[in-house]
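Enquirer: Provide a 3D model corresponding to the input given below.
(one chain, ligands or ions: 1)
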Amino acid sequence: MDKDKYQTTKYFKKCPMCGMIWDIRAQLLSDPDAKVTGYIANLDHAELGIFLFNHETCGTSMGIEASQFTDMYDGPIYTEKLTRSAECPGYCLDKAELRRCPSKCECSYIRDVLDQIVNWEKSMPQSDQILPSAYRELRARHSLNRKDVSV
Ligand SMILES: [Zn+2]
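Expert: From the prediction side, this is the model:
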């Protein structure tokens, strides 16, 4: 009973301004109205950096911790921090910089994840062609909460 309640209120992100809810991460990433605009690096703990998204529907910017996305990366993670060294292009010092980092730095894999988000294919959430299993689940869940006159 309580478990069911928990399941239906769980979501990936809610817009702090308009209350729009993205139930799962892929839904946010493929939403044409949710655009990644920046990255506030955390130089001590790379995974605690903040990805900035703009919700274009209401014009609010919202931050999501990089740790929510780091599982998207499957390459090497370097152990040495090169920030401000000769090999560092300084991208992490500019929150509007979205490019991948060429240096073998502890922080560079976060920028690789960021690049994936920047290049994520945007789509209309109504389509069953995109992410079929995730969206079917999503729509099934939503239809339970909606009085659907077409049924
Ligand atoms: Zn919003």
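
Enquirer: where in this protein is the helix or strand with the lowest mean pLDDT?
Expert: Here the helix or strand of the chain ranked lowest by mean pLDDT, DSSP states H and E is helix 2-9, holding a mean of 54.

Enquirer: and the next element down the chain from it?
Expert: With elements assigned by DSSP states H and E, the helix or strand that comes after helix 2-9 is strand 13-14.

Enquirer: and that next one, anywhere near the ion?
Expert: No. Applying CB under 5 Å from the ion, one finds strand 13-14 separated from the ion by no less than 8.9 Å. Backbone N, C-alpha and C define where each C-beta goes, glycine included.

Enquirer: for residue 116, give me its contacts.
Expert: 72-73 (CB atoms under 8 Å, 6 or more residues apart in numbering).

Enquirer: again but with residue 93, I slipped
Expert: Shown in contact with residue 93 (CB under 8 Å, 6+ apart): 41, 83-84.

Enquirer: what parts of this structure come near the ion?
Expert: 15, 17-18, 20, 55, 58, 60.

Enquirer: can you pick out the most distant pair from those residues?
Expert: Distance extremes for the residues of the chain next to the ion: the farthest pair is 20 and 60 at 9.5 Å, using CB to CB.

Enquirer: looking at those two, which one has more neighbours?
Expert: Between residue 20 and residue 60, counting by other CB atoms under 10 Å, residue 20 is the more crowded of the two (18 against 14).

Enquirer: pretty sure the more buried one contacts residue 55?
Expert: Yes. Judged on CB atoms under 8 Å, residue 20 makes contact with residue 55 at a distance of 6.6 Å.

Enquirer: circling back to that earlier point, most neighbours, which of the residues of the chain next to the ion?
Expert: Counting by other CB under 10 Å, top hit in those: residue 55 with 21 neighbours.

Enquirer: what's that residue in contact with, if anything?
Expert: Shown in contact with residue 55 (CB under 8 Å, 6+ apart): 15, 17-18, 20, 33-34, 61-62.

Enquirer: what's the end-to-end length of stretch 74-82?
Expert: Using CA to CA, to the nearest Å, one end of stretch 74-82 lies 21 Å from the other.

Enquirer: tell me where the model's unsure across this structure.
Expert: Along the chain, the parts satisfying pLDDT under 70 run over 1-9, 124-151.
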